[in-house]
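1. here is the input, now give the coordinates:
(chains A and B)
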Amino acid sequence: MSDLLVRSLEASTVFLLAALGELVNQRSGVLNVGLEGLMLFGGTLAFLLAQATGSYAVGLAAGVAVGALLGLLHGVFSLSLRGDQVVSGMGLWILSFGLTTYLGSPHTGPLGLPRFPQVLGLSPFVYVGAVLVVAVWFVLTRTSLGLSIRSVGENPAAAAASGVNVLAVRYACVVFGGTLAGLAGAAYTLSYNPVWNYNFLMGWGFVSLALVFFSMWNPWILFAGSLLFGAMWQLSLNPDLVLPGVLSRYLWRTIPFLTTVTILALISTPWFRTRWGLARPQALGAPYLGD
Amino acid sequence: MRVGAYTLVVERTQTTSPVRVAGSGLAAVVLALLLASFLFWTPEAGPWAAYRIAFGYAFLNPSGLLATLHRAAYLLLCTLAFLVPLRGGLWNIGLPGQVYAGALAAFAVPFWAGVRQAASGAGGALLWMPLAAAAAGGALGALAGVLRAKLSVNEILVTMMLNSVLFWVVSDFIKEGGAFMSATAEGESFTLPEAFRPPLPFGLPPSAYVALGAAAVVDFVFARAASGYRVRAFGLNPQAARYAGIDPLRVSLGVFAVGGAFAGLAGYHYFAAVPGLYKIPTNYGYYGDLSFYGIICALIARGNAVGAIPMALLFAGLSVGGRFAQGALRLPFGVDYAVLGLLMTTFVVSHLVDRYSLRWQRAAPQPALRTSSSSEEAR
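-> You can find the predicted model right below:
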């Protein structure tokens, strides 16, 4: 059971890292539906370079760097060139899906390195994730930078009028979001499940994206949601621990996805929206034409 | 940029000519193929040799050509599944899930008829199978449409979640004692008995001809019919469409149900109507992911269904021939996926390029500097 808890925490961390970056992204008004692609690329490059060099540090750095680079690319498409954010995000996802399949396929199989170093029996990413939640909450709610981020996500024209450089803030946020997505991918392939196979994420990025909506753009709710989904994911892999023989193991795998759809529907009801939904950034997904 | 008395001005445009749109789409495809040529580069053969092998097999070899046509029909149906909601401003990326739903529904017909081993007497099942597939895909699509219209739930997330759900549901049906599992228990479905296989006029199943006809009908509806106008109006400006009395629920539900039905039919086509398969194979996920080419076809054709036909043919040839070249030249697995990614990227770039125009502008003359004599004259 304790092993299940540890694995659940590690799974939660992957969701948390990706979703936390996307939360900051969205608070600045930029939507990146290609989150899964950034995670795929970050995870694949981290895996390939760690395997080639035998160094976790090199793999990790590569995963983070490619995530940041893809985040920047999304910024160029959607901020500087004012393209449709959904088109850009979908482009990044399909690009990453295609290229990582090509790059990773010859290396299908386990990483072949000693287990990722643990800290007090847990992956160090778990601690990194927890610290980042506090840091993101603090920056967003207690600092002038956070105020700038929130203001460009709510009303970029008003933010610009008050002296905030909208493009600079949004660029910083998309790069931050990309960095964390790359880190999440690296955490997956280096620590949580160090095996490369075709389309290894199978929806983790989209669940992370859904978690941001579920969290109502609040880092603490996001943290709780990640824990819930991490636990649910692990239980779907080990259903016999809870309800032995109830459903086939394949049907159990559908539970996290069905739950995501159900929660998305619930939080979108008029009752829920009027009561809780005020945190949605007003300018989310809209290009800023002011500059 | 200034050259002599002229300055190069980059401007954002509000309208784009159809010729320019077609040109940029074509340029996107050519650029992606050029970039992909690096992937085909091997010490034994250069990229052109690889393309020659790939396209030679896909379009000149009789069995390769037939495989290309089967796949093109599949991609065209997937294209329509994405294109119809797209004209309404909605993104249906649930193509794999709807394809799986269609395949399961199609195989459910002979299964429930209790004639898995039957050699004859299929009769109406030949008609029921595609209908059931379209209905299942449409129902799955409609779910996303209803959630979008009634609750504004992001349709990308919902359709993506449903893809994963259906992926595992198929596994449940064909593996480890699942209802549709083959007698050999190899993690694939039972093979369709002869009687349930559709006829093949000119080597292609009727679903391929349906795909071609549907493309023409879709374009006609969007160009001439009131329902098509309502969908387009909603896609261009949902708020204004609402003020004009267009019901968002009907539009969202309609486009997703129709789109899903096309994807469901694509599932029937590839798993139950293409010779050599006639079953849901172990690697069914590959065929599901292949449906994402439909997204590219629809986007590059800029929502024009008939215009997507050559795209579907090209990409079908590329994926069939790419796999062949992969084997012949011992290239790594996934060349076709890499091309898919590159195509999407060049499309995004072309989509952005369409929105800008370059213009040479004569630079305004610099104000003349006053000389000391002229200032003295002024005094």
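
2. ok, A:L95 - contacts?
-> Neighbouring residues of A:L95 by Cβ atoms under 8 Å, 6 or more residues apart in numbering or on different chains: A:37, B:341-342, B:344-345. Where you see a C-beta, it was placed from the backbone N, CA and C, and this is true even at glycine.

3. one more: A:E10?
-> Listed by Cβ under 8 Å, 6+ apart, the contact partners of A:E10 are A:122-123, A:125-126, A:187, A:191-192, A:230.

4. can you pick out the most distant pair from these?
-> Longest distance between any two of the contacts of A:E10 is 13.4 Å, between A:S191 and A:G230; criterion Cβ to Cβ.

5. in the helix or strand A:V133 falls within, what counts as buried?
-> If you go by DSSP states H and E, A:V133 is part of helix A:124-142. Along helix A:124-142, these residues count as buried under the neighbour rule (16 or more other Cβ atoms under 10 Å in any protein chain shown): A:125-126, A:128-129, A:132-133, A:136-137, A:139-140.

6. quick one: the helices in the stretch 51-200 of chain A, in order.
-> Using DSSP state H, counting those that start in this stretch, the helices found in the stretch 51-200 of chain A span residues A:56-75, A:85-104, A:124-142, A:144-154, A:156-161, A:166-187.

7. so of the ones you listed, which one's packed in deepest?
-> Comparing the helices of the stretch 51-200 of chain A by mean neighbour count (mean count of other Cβ atoms under 10 Å in any protein chain shown), helix A:166-187 ranks first with a mean of 27.

8. per-residue confidence averaged over that one?
-> Mean pLDDT, computed over helix A:166-187, is 97.

9. elements contacting it?
-> In this structure, helix A:166-187 makes packing contacts with helix A:2-27, helix A:35-53, helix A:56-75, helix A:124-142, helix A:144-154, helix A:156-161, judged by 3 or more Cβ pairs under 8 Å, 6 or more residues apart in numbering or on different chains; DSSP states H and E.

10. is stretch B:291-298 in proximity to chain A?
-> Yes - against chain A, stretch B:291-298 shows contacts by Cβ under 8 Å from any Cβ of the partner chain at B:292, B:295-296.

11. save the residues you listed as a markdown table, and put in distance to A:G203 too.
-> A markdown table is the format used below for the residues of stretch B:291-298 next to chain A (distance: Cβ to Cβ, whole Å):
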| residue | distance to A:G203 |
| --- | --- |
| B:F292 | 14 |
| B:I295 | 17 |
| B:I296 | 21 |
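
12. just the buried ones from those residues?
-> Those of the residues of stretch B:291-298 next to chain A that meet the buried threshold are B:292, B:295-296, by 16+ other Cβ under 10 Å.

13. show me which of the residues of stretch B:291-298 next to chain A is closest to A:L284.
-> For the residues of stretch B:291-298 next to chain A, the minimum distance to A:L284 (Cβ to Cβ) is 22.9 Å, reached by B:I295.

14. what helix or strand is that closest one on?
-> Element membership of B:I295, judged by DSSP H and E, is helix B:293-300.

15. show residues contacting that helix.
-> If you take Cβ under 8 Å, 6+ apart as the criterion, helix B:293-300 is touched by A:87, A:90, A:94, B:25, B:28-29, B:75-83, B:86, B:93, B:95, B:308, B:311-312, B:315-316, B:319, B:340, B:343-344, B:347, B:351.

16. in the helix or strand that it is followed by, which residues are buried?
-> Moving toward the C-terminus from helix B:293-300, the next helix or strand (DSSP H and E) is helix B:308-329. For helix B:308-329, the neighbour count (16+ other Cβ under 10 Å) marks B:308-309, B:311-326, B:329 as buried.

17. so where is chain B shaky, pLDDT-wise?
-> By pLDDT under 70, the low-scoring segments of chain B are B:1, B:14-15, B:45, B:115-123, B:364-379.

18. can you map out the strands along it?
-> Assigned by DSSP state E, chain B shows strands spanning B:2-3, B:6-12, B:356-362.

19. equivalent analysis for the stretch 151-291 of chain A, please.
-> Counting by DSSP state E, counting those that start in this stretch, the stretch 151-291 of chain A has strands at residues A:195-196.

20. how about the residues of it near chain B?
-> The stretch 151-291 of chain A comes close to chain B at residues A:198-199, A:202-203, A:206-207, A:209-210, A:213, A:248-251, A:253-254, A:257-258, A:260-261, A:264-265, A:268-269, as judged by Cβ under 8 Å from any Cβ.

21. which of the residues you listed are buried?
-> Taking 16+ other Cβ under 10 Å as the criterion, what is buried in these is A:198-199, A:202-203, A:206-207, A:209-210, A:213, A:248-251, A:253-254, A:257, A:260-261, A:264-265, A:268.

22. out of those residues, which sit inside helices?
-> Residues from those lying in helices, with DSSP state H as the criterion: A:206-207, A:209-210, A:213, A:249-251, A:253, A:257, A:260-261, A:264-265.

23. mind giving me the domain split of chain B?
-> Residue ranges for the domains of chain B, per automatic domain parsing: B:1-39+B:331-367, B:62-330.

24. just name the most buried of those.
-> domain B:62-330 (a mean of 22).

25. from start to finish, how long is that one in a straight line?
-> End-to-end distance for domain B:62-330: 23 Å, by Cα to Cα, to the nearest Å.

26. still on that earlier bit, tabulate the helices and strands packed on helix A:166-187 (JSON lines), appending distance to B:N283 and mean pLDDT.
-> Putting the helices and strands packed on helix A:166-187 into JSON lines (distance: least, Cβ to Cβ, whole Å; pLDDT from 0 to 100) gives the following:
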{"stretch": "helix A:2-27", "distance to B:N283": "26", "mean pLDDT": "94"}
{"stretch": "helix A:35-53", "distance to B:N283": "19", "mean pLDDT": "96"}
{"stretch": "helix A:56-75", "distance to B:N283": "28", "mean pLDDT": "97"}
{"stretch": "helix A:124-142", "distance to B:N283": "32", "mean pLDDT": "97"}
{"stretch": "helix A:144-154", "distance to B:N283": "43", "mean pLDDT": "95"}
{"stretch": "helix A:156-161", "distance to B:N283": "47", "mean pLDDT": "93"}
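
27. roughly how far apart are the residue in chain A sticking out farthest from the centre and chain B?
-> Centroid-distance maximum for chain A: A:G245 at 32.9 Å, with Cα atoms, centre = their mean. Computed as Cβ to the nearest Cβ, to the nearest Å, the A:G245 to chain B distance reads 13 Å.

28. now that residue. Its backbone dihedrals?
-> Note on A:G245: backbone dihedrals following degrees, to the nearest 10 are phi 80, psi 10.

29. on that earlier part again, A:G42: which of the buried residues of helix A:124-142 is nearest?
-> Closest approach to A:G42 among the buried residues of helix A:124-142 (Cβ to Cβ): A:F125, at 12.6 Å.

30. just checking, that closest one touches A:T189?
-> No - judged on Cβ atoms under 8 Å, A:F125 makes no contact with A:T189 at a distance of 11.6 Å.

31. so how far is stretch B:57-67 off the chain centroid?
-> Put simply, stretch B:57-67 sits 21 Å off its chain's centre (Cα atoms, centre = their mean, to the nearest Å).

32. let me have the helices of the stretch 51-200 of chain A in TSV, adding distance to B:T7 as columns.
-> Shown next, in TSV, are these (distance: least, Cβ to Cβ, whole Å):
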stretch	distance to B:T7
helix A:56-75	27
helix A:85-104	29
helix A:124-142	42
helix A:144-154	31
helix A:156-161	26
helix A:166-187	23
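
33. tell me how far the residue lying closest to A:A181 once chain neighbours are set aside lies from chain B.
-> Nearest residue to A:A181, sequence neighbours excluded (Cβ to Cβ, 6 or more residues apart in numbering or on different chains): A:L38, at 3.7 Å. Taking Cβ to the nearest Cβ as the criterion, A:L38 is separated from chain B by 13 Å.

34. count of neighbours near A:L38?
-> A:L38 has 36 neighbours, counted by other Cβ atoms under 10 Å in any protein chain shown.
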